[in-house]
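Engineer: Here you go, sequence then predicted model.
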Amino acid sequence: MTDFLNQYGVALAAGLLGAALGSFLNVCIYRWPNDESVVRPPSRCPGCGTPVRWRDNVPVVGYLLLRGRCRACGVGLSVQYPLVEATVALIWAGLAASLGPHPEVVRGGLFLTILLGIALTDARTYIIPDQFSLGGMVLGVALSPLPGGVDVVQSLAGAALGFGLLWLVAVLGRLVFRKDAMGGGDVKMMGMVGAFLGPAGVVLTLFLGALVGSVIFGPISLKTKKLVPFGIFLGLGAAVSYGWGADLVEWYVVRVLGLGAP
């Protein structure tokens, strides 16, 4: 019972931290694509510009108490705010409930939080800010000495492989199609993914991202001629690779290739 309560307390604390990080992530999602500071000015109503009071800025709770509207002018506020806060809170609480007070909660929580930020900014603006990709790559290498993930050598090799593979795809795509086939943000993003997941994670992320992107967005893109926000699918592939990568590789090797089967 004591162990259960301790683990519950760790998960609750991690969830509260995640909610606060989700609130900050919302600011990053809206401001970084426009090259705006995430420090100044403080959070304001998008309608009347009134600064948000501290009690109205409490993650999820503030939005619910305000019923999704500005206290000053009554303009509707995006439901993205509480959804992002709740999602990041669940990410951190879920990792803590599964792993307990382990350093991997911090490393994994930051990685998945960054992936969510990338997916949303790419979906909204077709931009993956360098603060997410390059900043995340530096963060991934810096956190690699922590137990539970890839080591420093794997992190550096993964960052190089992820960046290099996507850069090569971008160059070849430009030569073949005479236009940009891969955005620079995607290239830098895969450097970040490699820093957190290592070389094997890069390969699996690219496979899953390309598979999901082709199945879901490929037909739509061919019909509408719209650009594919590939960062969404790379982010999904990276999240799956982080959570279930080892199991997927084992399943493929044993079930598909027939290696290691009795």
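Structural biologist: Sure, I can see it. Residues are numbered from 1 along each chain as shown.

Engineer: Which residues belonging to the strand or helix carrying residue 82 are considered buried?
Structural biologist: Per DSSP states H and E: residue 82 is located in helix 80-99. Going by neighbour count (16 or more other C-beta atoms under 10 Å), the buried part of helix 80-99 is 81-82, 84-89, 91-97, 99. The way it works is simple: take the backbone N, C-alpha and C, and place the C-beta from them, glycine included.

Engineer: who's in contact with that helix?
Structural biologist: Helix 80-99 is contacted from outside by 7-8, 10-19, 21-23, 25-26, 29, 59-60, 63-64, 104-105, 108-109, 112-113, 116, 120, 148, using C-beta atoms under 8 Å, 6 or more residues apart in numbering.

Engineer: got the contact list for the nearest residue to residue 72 once chain neighbours are set aside?
Structural biologist: Of all residues not flanking residue 72 in the chain, residue 50 sits nearest, at 4.1 Å (C-beta to C-beta, 6 or more residues apart in numbering). Contact partners of residue 50, counting by C-beta under 8 Å, 6+ apart, are 44, 70-73.

Engineer: Low-confidence ranges, the stretch 151-262 of the chain, go.
Structural biologist: 177, 179-182, 217-227, 256-262 (pLDDT under 70).

Engineer: now the helices for the stretch 101-250 of the chain?
Structural biologist: Remark: helices assigned in the stretch 101-250 of the chain by DSSP state H, counting those that start in this stretch are 103-125, 130-143, 152-177, 184-216, 218-224, 230-251.

Engineer: Now do the buried residues in the first one.
Structural biologist: By neighbour count with 16+ other C-beta under 10 Å, helix 103-125 contains the buried residues 104-122.

Engineer: now do the last one
Structural biologist: By 16+ other C-beta under 10 Å, the buried positions in helix 230-251 come out as 230-242, 245.

Engineer: Can I get those in TSV including distance to residue 213?
Structural biologist: Below are the buried residues of helix 230-251 laid out as TSV (distance: C-beta to C-beta, whole Å):
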residue	distance to residue 213
230	6
231	10
232	8
233	4
234	8
235	11
236	9
237	9
238	13
239	14
240	13
241	15
242	18
245	18
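
Engineer: which one of these sits closest to residue 152?
Structural biologist: Nearest to residue 152 among the buried residues of helix 230-251: residue 242, at 18.1 Å, using C-beta to C-beta.

Engineer: hang on, the closest one packs against residue 198?
Structural biologist: No. Residue 242 is not in contact with residue 198 according to C-beta atoms under 8 Å; the separation is 10.8 Å.

Engineer: Nearest to residue 77, out of the helices of the stretch 101-250 of the chain?
Structural biologist: Going by C-beta to C-beta, the one of these nearest residue 77 is helix 103-125, 15.9 Å.

Engineer: from the middle of its chain, how far away would that closest one be?
Structural biologist: 2 Å (C-alpha atoms, centre = their mean, to the nearest Å).

Engineer: any idea of the mean pLDDT in that helix?
Structural biologist: What helix 103-125 shows for mean pLDDT is 96.

Engineer: What of stretch 56-70?
Structural biologist: For stretch 56-70, the per-residue pLDDT averages 90.

Engineer: okay, it in PDB with CA atoms only?
Structural biologist: Provided in PDB are the C-alpha atoms of stretch 56-70 (Å, rounded to 0.1, in the frame of the first residue of the first chain):
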ATOM      1  CA  ASP A  56      -6.900  32.600 -14.900                       C
ATOM      2  CA  ASN A  57      -3.600  31.200 -16.200                       C
ATOM      3  CA  VAL A  58      -3.800  28.000 -14.000                       C
ATOM      4  CA  PRO A  59      -3.500  25.100 -16.500                       C
ATOM      5  CA  VAL A  60      -6.900  23.600 -17.500                       C
ATOM      6  CA  VAL A  61      -8.600  24.900 -14.400                       C
ATOM      7  CA  GLY A  62      -8.400  28.500 -15.400                       C
ATOM      8  CA  TYR A  63      -9.900  27.800 -18.800                       C
ATOM      9  CA  LEU A  64     -12.800  25.800 -17.200                       C
ATOM     10  CA  LEU A  65     -13.500  28.600 -14.700                       C
ATOM     11  CA  LEU A  66     -13.600  31.200 -17.400                       C
ATOM     12  CA  ARG A  67     -15.800  28.800 -19.500                       C
ATOM     13  CA  GLY A  68     -13.500  29.300 -22.400                       C
ATOM     14  CA  ARG A  69     -13.900  33.100 -22.600                       C
ATOM     15  CA  CYS A  70     -11.800  36.100 -21.800                       C
END
